[in-house]
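Asks: output the structure for:
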Amino acid sequence: MLLWHIDKTLIEGVYNTGLARPILRAGRGGDYLEVRTENMFEMKRPTGSSKPEFHGS
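Replies: Numbers count the residues shown, from 1 in each chain. Predicted coordinates:
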């Protein structure tokens, strides 16, 4: 069984990854990245893409 807690302040209609500021492994031994809200952007899905309703379109 797996259990986890998502802080409700990270949910703005959907989970806001940037507010959580997760740290990701970047490749070499000590390289890591932090995801931040100010670095996020929206990329539009092409017309006719599969299931656009899942992507906020």
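Asks: which ones are touching the residue nearest the centre of the chain?
Replies: Centroid check for the chain by Cα atoms, centre = their mean gives residue 17 as the closest residue, at 3.8 Å. Residues in contact with residue 17 (Cβ atoms under 8 Å, 6 or more residues apart in numbering) are 35, 40. Just so you know, the C-beta spots here come from the backbone N, C-alpha and C atoms, and that holds for glycine as well.
Asks: so how far is residue 38 from it?
Replies: According to Cβ to Cβ, to the nearest Å, residue 17 and residue 38 sit 13 Å apart.
Asks: also residue 16?
Replies: Between residue 16 and residue 38 the computed distance is 12 Å (Cβ to Cβ).
Asks: okay, the two: which has more neighbours?
Replies: Between residue 16 and residue 38, counted using other Cβ atoms under 10 Å, residue 16 has the larger neighbour count: 13 against 5.
Asks: leaving out chain neighbours, which residue sits closest to that one?
Replies: Of all residues not flanking residue 16 in the chain, residue 10 sits nearest, at 5.5 Å (Cβ to Cβ, 6 or more residues apart in numbering).
Asks: doesn't residue 18 make contact with that neighbour?
Replies: No - if you go by Cβ atoms under 8 Å, residue 10 and residue 18 don't touch, sitting 9.2 Å apart.
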